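Enquirer: All I have is the shape, not the residue letters:
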């Protein structure tokens, strides 16, 4: 992001102190944020002001009167302006300049008050400070900031080179472009054809990556052959690293080609200041490029994307909104998001999303909606909150998709699948019921033909066989009844910790008789989920029954139940056993009706379990290996 006020203060602090003028940074209202020691000595000597005083509370009245128009002008137009002021026989050149442009808006104001009184002569040649200030004003001009860093600095390096009294100043991107300026008054060397030598020394790279300034007052002997090959008889150099996203982007540097004279504090400070400005410009331009790319993706997306304030006020809508909802961006921007939904839809929808919105959570759902022309369509909507650095919700990003065609194709596929399942179920029912009915028919036919000849014991044997087959038919019919008994579950907020404890007490004695050890691993604190407790207990009974059956040939039989809340605030209930396990081939058919590996099973147990859980908005996963036990994971929606 573009630096804010704190970043501006950090960038400008060394430069404010490096010049001999009264320099200060003001906020957009004209209040003092930061000042150089000369400014404080000139205007605040002996005064104590708390907080961030207005510039006009600090300056003498005759200063304030002359500068009032200039300060108001920069607040309105956000452009640089200056004014020559005469006060008590002294003359000052006062300048206001906008800094840190963010989305074409000024974030702060730079104020420079330069004493230009010189005995009787009011004119004087420009100073080194002038060159540095002018360079700063040039590179931070809004027109330059819209272009590349080379454009920003290309015109100012010659003046900086002369002002800082060095042979060359250059900016080099580590893996890219470079620019340089030669001080022709000091040395007439042609522009360098390559700056690779700066990054060819591993020890120098290590220092730069540590964000350390390299100040070589006498260039190492190891560098001399390298520099001579490039035609650069450098005597001393100063390199300042430039970072972007914690990576070394390149350097800004200066050197001497004539003597080994060390660089002064003002030279070092001036270059540091320009390094900070360069870092800000690179960050600004990279962020703008990223925003432009993101804006292009959002604008060209086929999904309707809407950005709202935290209270639902629409700030942005892309062009796809018109094709999805019928409303153009111009029609809905500055309106509340509720207004693009009709009354009944709005009431039902906002009852669902109210909790997640207030809690700063994501939400996704599907519902029938109306377009602007009142035509119906199926919509999928996602809401994602945008948080500030303190975790407060500042915006909502809403994505809408028209899924009418997808729903239509899904319904066709479901209908075809349903017909296949119905055919499979009826074929299985005919087979499962046909066997005992045929057996009953044969027994009664034989008995009817031989009623006079059979003894009572033979008759009782046939009757017992028929009754046994009737019991089998009753069991099948009862199972089929259970298949639809929980069509409309009564979902409520339930303490699952307490439910699991009660369930353990219910099955403990039966498991003990079968020498099965039950282990419960869960928090002592309540874990609330939304289920139908009666249906959920039936699910657990079915799963525990299956687990017990798998332990038939195991010596130390064990079933464990554990439960925890995951990062999505859902409750995970895990049932594990150390039984015979299930092969990969068997797992593929587990949830098919009437598929069973048990001699007397119906193949409907897990189908009923999955259906019950789906009706309660729960899901089930099964993990198993032959001979290594089975783990069943049930994911339950958490309560708000």
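Expert: It's in. The shown structure was predicted, so the numbers you read here are calculated from the model rather than taken from an experiment. Residues are numbered from 1 along each chain as shown.
Enquirer: who are the neighbours in contact with residue 496?
Expert: In this structure, residue 496 makes contact with 526, 527, 528, 529, 531, 563, 571, 573, 636, judged by Cβ atoms under 8 Å, 6 or more residues apart in numbering. Heads up, the C-betas are built off the backbone N, CA and C, glycines and all.
Enquirer: swap in residue 568?
Expert: With contacts defined as Cβ under 8 Å, 6+ apart, residue 568 has no neighbours.
Enquirer: what about residue 176, how many residues close to it?
Expert: 9 (other Cβ atoms under 10 Å).
Enquirer: Tell me which residue is most central in the chain.
Expert: Against the mean C-alpha coordinate of the chain, by Cα atoms, centre = their mean, the closest residue is residue 386 at 8.4 Å.
Enquirer: On the three-state scheme, that one is what?
Expert: Classification of residue 386 using DSSP: H, G, I helix; E, B strand; the rest coil returns strand.
Enquirer: Same check on residue 170?
Expert: State at residue 170, reduced to three classes by three-state DSSP: strand.
Enquirer: Check which element follows the helix or strand harbouring residue 293 along the chain.
Expert: Counting by DSSP states H and E, the element that carries residue 293 is helix 265-300. Read in the C-terminal direction, the helix or strand following helix 265-300 is strand 304-309, with elements assigned using DSSP H and E.
Enquirer: May I have the residues that are in contact with the nearest residue to residue 68 once chain neighbours are set aside?
Expert: Beyond its immediate neighbours in the sequence, the residue positioned closest to residue 68 (Cβ to Cβ, 6 or more residues apart in numbering) is residue 56, lying 7.3 Å away. Taking Cβ under 8 Å, 6+ apart as the criterion, residue 56 is in contact with 30, 64, 67, 68, 71.
Enquirer: Can you check what pLDDT the model gives residue 56?
Expert: According to the prediction, residue 56 has pLDDT 83.
Enquirer: Distance check, it against residue 62.
Expert: Per Cβ to Cβ, to the nearest Å, residue 56 is found 12 Å from residue 62.
Enquirer: Residue 504 - that's part of a helix, no?
Expert: Yes. If the criterion is three-state DSSP, then residue 504 is within a helix.
Enquirer: I'd say residue 302 and residue 320 touch.
Expert: Yes. Because the distance of 5.7 Å satisfies Cβ atoms under 8 Å, residue 302 is recorded as touching residue 320.
Enquirer: So between those two, which is more surrounded?
Expert: residue 320 (21 against 12).
Enquirer: Which pLDDT does the model give the more buried one?
Expert: What the model reports as pLDDT for residue 320 is 89.
Enquirer: Can you give me the pLDDT of the nearest residue to it once chain neighbours are set aside?
Expert: Sequence neighbours aside, residue 304 is the residue nearest to residue 320 in space, at 5.0 Å (criterion: Cβ to Cβ, 6+ apart). Looking at residue 304, its pLDDT reads 90.
Enquirer: for residue 241, same thing?
Expert: pLDDT, read off for residue 241, is 91.
Enquirer: Ok, the one 4 residues further on next?
Expert: With respect to pLDDT, residue 245 has a value of 79.
Enquirer: picking up where we left off before, surely the residue nearest to residue 320 is in contact with residue 324?
Expert: Yes. In this structure, residue 304 sits in contact with residue 324. The criterion is Cβ under 8 Å, and the distance is 3.9 Å.
Enquirer: And those two? Which one has more around it.
Expert: Taking neighbours as other Cβ under 10 Å, residue 304 and residue 324 compare with residue 304 leading, 24 against 21.
Enquirer: Just list the residues touching that one, thanks.
Expert: Residue 304 makes contact with 317, 318, 320, 321, 323, 324, 325, 399, 400, 401, according to Cβ under 8 Å, 6+ apart.
Enquirer: For it, name its beta-bridge partners.
Expert: Taking DSSP bridges, one finds residue 400 as the beta-bridge partners of residue 304.
Enquirer: and it, how far is that from residue 404?
Expert: In this view, residue 304 and residue 404 are 14 Å apart by Cβ to Cβ.
Enquirer: so what's in contact with residue 56 and residue 62 at the same time?
Expert: In the contact map built from Cβ under 8 Å, 6+ apart, no residue is linked to both residue 56 and residue 62.
Enquirer: ok, back up a step: the contacts of residue 304 in helices, which ones?
Expert: Per DSSP state H, helices hold the following members of those: 320, 321, 323, 324, 325.
Enquirer: And for the third one, the neighbour number?
Expert: Meaning residue 323. Counted with other Cβ under 10 Å, residue 323 comes out at 13.
Enquirer: Same check on the last one?
Expert: Under the neighbour criterion other Cβ under 10 Å, residue 325 is assigned a count of 23.
Enquirer: Quick check: closest non-adjacent residue to residue 398.
Expert: Once flanking residues are discounted, residue 398 sits nearest to residue 306: 4.4 Å by Cβ to Cβ, 6+ apart.
Enquirer: Equivalent analysis for residue 305, please.
Expert: Of all residues beyond its chain neighbours, the one nearest residue 305 is residue 318 (4.8 Å), with distances taken as Cβ to Cβ, 6+ apart.
Enquirer: So that neighbour versus residue 502, what's the distance?
Expert: According to Cβ to Cβ, residue 318 stands 52 Å off from residue 502.
Enquirer: circling back to that earlier point, name the residues contacting each of residue 304 and residue 324.
Expert: By the contact definition Cβ under 8 Å, 6+ apart, residue 304 and residue 324 are jointly contacted by 400, 401.
Enquirer: Residue 112 is in contact with residue 94, isn't it?
Expert: Yes. Taking Cβ under 8 Å as the contact criterion, residue 112 and residue 94 are neighbours in contact, 7.1 Å apart.
Enquirer: more neighbours, the two?
Expert: Taking other Cβ under 10 Å, residue 112 and residue 94 do not tie; residue 112 has more neighbours (24 against 20).
Enquirer: tell me the SS of that one?
Expert: Under three-state DSSP, the three-state class of residue 112 is strand.
Enquirer: From residue 540, how far out is residue 499?
Expert: Applying Cβ to Cβ to residue 499 and residue 540 gives a distance of 9 Å.
Enquirer: related to what we said a few turns ago, in the helix holding residue 293, what's buried?
Expert: In terms of neighbour count (16 or more other Cβ atoms under 10 Å), helix 265-300 has its buried residues at 266-285, 298.
Enquirer: Against which helices or strands is that helix packed?
Expert: The helices and strands touching helix 265-300, judged by 3 or more Cβ pairs under 8 Å, 6 or more residues apart in numbering; DSSP states H and E, are helix 5-18, helix 128-139, helix 142-145, helix 149-154, helix 157-163, strand 236-244, strand 247-256.
Enquirer: tell me the mean pLDDT over it?
Expert: The average pLDDT within helix 265-300 is 80.
Enquirer: gap between it and the chain center?
Expert: 22 Å (Cα atoms, centre = their mean, to the nearest Å).
Enquirer: same thing with stretch 566-582?
Expert: The gap between where stretch 566-582 is centred and where its chain is centred comes out at 29 Å by Cα atoms, centre = their mean.
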